[in-house]
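>>> sequence below, structure please.
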Amino acid sequence: MTNKPANAKNDALVEFLLRLGDDRLILGHRLSEWCGHAPVLEEDIALANIALDLLGQASALLHLAGETEGKNRSEDDLAYFREATQFRNLELAEQPNGDFAFTIARLFFFSAFNNLLNDALQKSSIETLAGIAAKGYKESVYHLRHSKEWMLRLGDGTEESHRRLQNAVNELWRFTGEMFAFDEVEKKLQQQNIVPSLNNIASQWNEITNTVLAEATVAVPAENHSVAGSRLGIHGEHLGHLLAEMQILPRSYPDATW
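Sure thing, here's the model as predicted:
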């Protein structure tokens, strides 16, 4: 049974659930674009399976968001019938796949965050959210392990693979700080023991990331600039193109049934 918070907290909880769900929905879609294009068959299957895990997590979180919102919107409504400015995903998640090293670095940065967040959310005072996090945690353990192994393989591999991975890390680093941005949404929910401290997760994420980058012989970028705004619906150019592709079928045939 879901422990529902007081009505005054519902808006913050819906906003937080949309952030979580949108992160996984958008990154899952990006990873699905590798299907049939990965460098080896095993990786084609692995990326497809990770994409399915993320889409499953997104479905559960968006379902809970719609249920909490109380406006009779399903997870499909939230995924397919919102505009880009209504999405709350990290800008990291919407970045185009680039080359394989870029995809792996993006997956590693997010998986480290997702793993730590799912672990902490298992203690949420919202039972349904804690349950979703518990299932997601088991999946994110694999996502983190898989992406870490590739980080090490690429970083400590050939001169070409190292160069590509370093370029990917340099390009993506500015998107990582947004994962730990703290605003009134998190503040309200943290006071109710619904969400964990993002500061604690940030310190753990930095430790994991710095350790893996060192092992992969990849330098941590000196750039401290961090993008911001996507949690408020301010996105770059890429999200609109992604949504046009992802949403075209249900928008073209809104009454279709399987």
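
>>> tell me the buried residues in the host helix or strand of residue 24?
Following DSSP states H and E, the helix or strand that holds residue 24 is helix 7-32. When neighbours are counted by 16 or more other CB atoms under 10 Å, the buried residues of helix 7-32 are found to be 9, 12-32. Just so you know, the C-beta spots here come from the backbone N, C-alpha and C atoms, and that holds for glycine as well.

>>> do stretch 212-231 as well
Residues 212, 213, 216, 218, 221, 227, 230, 231 are the ones in stretch 212-231 that count as buried (16+ other CB under 10 Å).

>>> off-centre distance for it?
Going by CA atoms, centre = their mean, to the nearest Å, the spacing between the C-alpha centre of stretch 212-231 and its chain's C-alpha centre is 16 Å.

>>> what's the model's confidence in it, averaged?
This predicted structure assigns stretch 212-231 an average pLDDT of 92.

>>> kindly report the same for stretch 162-180.
Predicted confidence along stretch 162-180 averages 97 (mean pLDDT).

>>> quick one: it to chain centroid distance?
Taking the mean of its C-alpha atoms, stretch 162-180 sits 15 Å from the chain's own mean (CA atoms, centre = their mean).

>>> start the count at 65 instead of 1 going forward.
With the count now opening at 65, the last piece we talked about shows up as stretch 226-244.

>>> how about that stretch, which residues are buried there?
Residues of stretch 226-244 classed as buried by neighbour count (16+ other CB under 10 Å): 226, 228-234, 236-240, 242-244.

>>> what's the offset of stretch 86-103 from the middle of its chain?
Here the centre of stretch 86-103 is set off from its chain's centre by 11 Å, with CA atoms, centre = their mean.

>>> send me it as CSV with only the CA atoms.
As requested, C-alpha coordinates have been extracted for stretch 86-103 and formatted as CSV (Å, rounded to 0.1, in the frame of the first residue of the first chain):
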residue,chain,number,x,y,z
ASP,A,86,12.2,11.4,-17.3
ASP,A,87,15.9,10.8,-16.7
ARG,A,88,15.3,7.0,-17.3
LEU,A,89,12.9,7.4,-20.1
ILE,A,90,15.1,9.7,-22.2
LEU,A,91,18.4,7.9,-21.5
GLY,A,92,16.6,4.6,-22.2
HIS,A,93,15.5,5.9,-25.5
ARG,A,94,19.0,7.1,-26.4
LEU,A,95,20.5,3.6,-25.6
SER,A,96,17.8,1.9,-27.6
GLU,A,97,19.1,3.8,-30.7
TRP,A,98,22.2,1.6,-30.5
CYS,A,99,20.1,-1.5,-31.3
GLY,A,100,21.6,-3.1,-34.4
HIS,A,101,24.5,-0.6,-34.4
ALA,A,102,26.7,-1.5,-31.4
PRO,A,103,30.3,-2.6,-32.2
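
>>> contacts for that stretch, please.
Where contact means CB atoms under 8 Å, 6 or more residues apart in numbering, the residues beyond stretch 86-103 that reach it are 108, 110-112, 114-119, 121-122, 125-126, 143, 151-154, 156-161, 164, 167, 170-171, 174, 178, 303, 306, 310.

>>> circling back: can you pick out the most distant pair from the buried residues of stretch 276-295?
With CB to CB as the measure, no two of these lie farther apart than 280 and 295, at 29.2 Å.

>>> tell me the helix or strand right after the one helix or strand residue 213 maps to.
With secondary structure defined by DSSP H and E, residue 213 is part of helix 191-219. Sequence-wise, the next helix or strand downstream of helix 191-219 (DSSP H and E) is helix 223-240.

>>> please state the offset of the helix or strand following that following helix from the chain centre?
Proceeding C-terminally, helix 223-240 gives way to helix 248-255 as the next helix or strand, assigned by DSSP H and E. With CA atoms, centre = their mean as the basis, helix 248-255 stands 20 Å off its chain's centre.
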